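Q: my questions concern the predicted model and sequence given below.
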Amino acid sequence: MRLLYQSMTAFAAMGAYAGRLRAHAAKVVLPETEVTFQGVDPALYGSLVPGDVFPYPYLKHLVQDAALESCVAAEAQGFDAFIIGSFSEPHLRQSRSAVDIPVLSMPESAFLTACSLAERFALITLSPLYARRVSEVVARHGMAPRVAGIFGLGENFAEREASAALDDSGPMLDAFTKAARLAIEAGADVLLPAEGILNEVVFANGVTRVGGAVVMDCVGVTLLHAEMMVRARRTTGLGYGRAWSYPLAPPDLQAQLRRNAGRPT
């Protein structure tokens, strides 16, 4: 089984992040599962990180388009599933309408798993700005009634600080624990580190509970969900709803429009 995990960061600018993800996957997936981690082309960001770009819808669109093309390419290259490894969840519906392989999103996988573990869960992300962005994803999945709240670590946390926390995790873990206790007071019984690199900091430090609430490994859960969906497709024929949710264009029409758009076919 081959999985392609698409991050929305440029790995070259994020220190040890890519290596941590690979080591993480090795602990979670089956021995025969191969996971390829792919970041955004560093030339697209330049010296920037997603937090510099994503507040601006047009710039966010320019970056996220790369994830959609990566999904189409993944199927052509023989991958069995494509993972959108970002709580920004770029082009999920479009991706599923473009390919037959399972397309997983980290927030959706985390939300669905959280619903099996508790009546209410909370998301903990890097900052209030990120919290607003994540709230849009919660609404898109109709999960607001199950969410006790969305909590940011503080104004001073973003990708650069999270990358540094892979080596010096104390301040970020302290901020995470404080946010977690607020989430528990608000009624959450499952806590989701709602940013890939924050998840890696929490996972690397073995944080699985705060008080009585469980801390989800969102990266690990998404990888496991991908394995399950690939197996379900192989063994039961489970696939997308094409009548309304994710209509797939006829191959000749899709190829024609991709040629017209200057995209490889």
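A: Structure's in. What do you need?
Q: tell me how many other residues crowd the nearest residue to Thr125 once chain neighbours are set aside.
A: Once flanking residues are discounted, Thr125 sits nearest to Ala194: 4.2 Å by C-beta to C-beta, 6 or more residues apart in numbering. All C-beta spots, glycine's among them, are computed from the backbone N, C-alpha and C. When neighbours are counted by other C-beta atoms under 10 Å, Ala194 registers 27.
Q: what do you get for Gly241?
A: Gly241 - counted by other C-beta under 10 Å - has 9 other residues nearby.
Q: where does the protein dip in pLDDT?
A: For the chain, applying pLDDT under 70 flags the ranges 155-156.
Q: wait, Gly239 touches Val103, no?
A: No. Contact criterion C-beta atoms under 8 Å: Gly239 and Val103 do not qualify, at 11.4 Å.
Q: between these two, which one's more packed in?
A: Counted by other C-beta under 10 Å, Gly239 and Val103 do not tie: Val103 has more neighbours, with 27 against 14.
Q: ok, what's across the strand from that one?
A: Phe82 (DSSP bridges).
Q: that one contacts Leu92, correct?
A: Yes. Val103 is within contact range of Leu92, at 6.8 Å (criterion: C-beta under 8 Å).
Q: overlap of the contact sets of these two?
A: Contact criterion C-beta atoms under 8 Å, 6 or more residues apart in numbering; residues shared by Val103 and Leu92: Ile84.
Q: so Arg160 is in which element?
A: helix 159-165 (DSSP states H and E).
Q: against which helices or strands is that helix packed?
A: helix 170-185, helix 196-204 (3 or more C-beta pairs under 8 Å, 6 or more residues apart in numbering; DSSP states H and E).
Q: any idea which of the ones you listed is most buried?
A: Compared across these, helix 196-204 shows the largest average neighbour count, a mean of 25 (mean count of other C-beta atoms under 10 Å).
Q: what are the ranges of the strands in the chain?
A: Along the chain, counting by DSSP state E, strands occupy 2-6, 34-38, 81-84, 103-105, 121-125, 147-152, 190-193, 209-210, 213-215.
Q: ok, the residue nearest to Gln77 when sequence neighbours are not counted to Leu257 distance?
A: Leaving aside its sequence neighbours, Gln77 sits nearest to Leu4 (C-beta to C-beta, 6+ apart; 7.9 Å). Relative to Leu257, Leu4 is positioned 23 Å away (C-beta to C-beta, to the nearest Å).
Q: ok, those two, which is more surrounded?
A: Each of Leu4 and Leu257 has its neighbours counted (other C-beta under 10 Å); Leu4 has more, 24 against 12.
Q: residue contacts, Tyr17?
A: Applying C-beta under 8 Å, 6+ apart, the residues near Tyr17 are Ser7, Thr9, Phe11, Ser163, Leu166, Gly196, Ile197, Glu200.
Q: change it to 10 Å
A: 7, 9-11, 37, 39, 159, 162-163, 166, 196-197, 200-201 (C-beta atoms under 10 Å, 6 or more residues apart in numbering).
Q: and if you look at Gly187?
A: Counted by C-beta under 10 Å, 6+ apart, Gly187 has contacts Ala118, Glu119, Arg120, Phe121, Ala122, Val147, Ala148, Gly149, Ala213.
Q: just how off-centre is stretch 71-79 within its chain?
A: Taking C-alpha atoms, centre = their mean, to the nearest Å, the mean C-alpha location of stretch 71-79 is offset from the chain mean by 18 Å.
Q: which residues are contacting that stretch?
A: With C-beta under 10 Å, 6+ apart as the test, stretch 71-79 has contacts from 1-6, 34-36, 38, 70, 80-84, 90-92, 94-96, 98-103, 230, 254, 258, 263-265.
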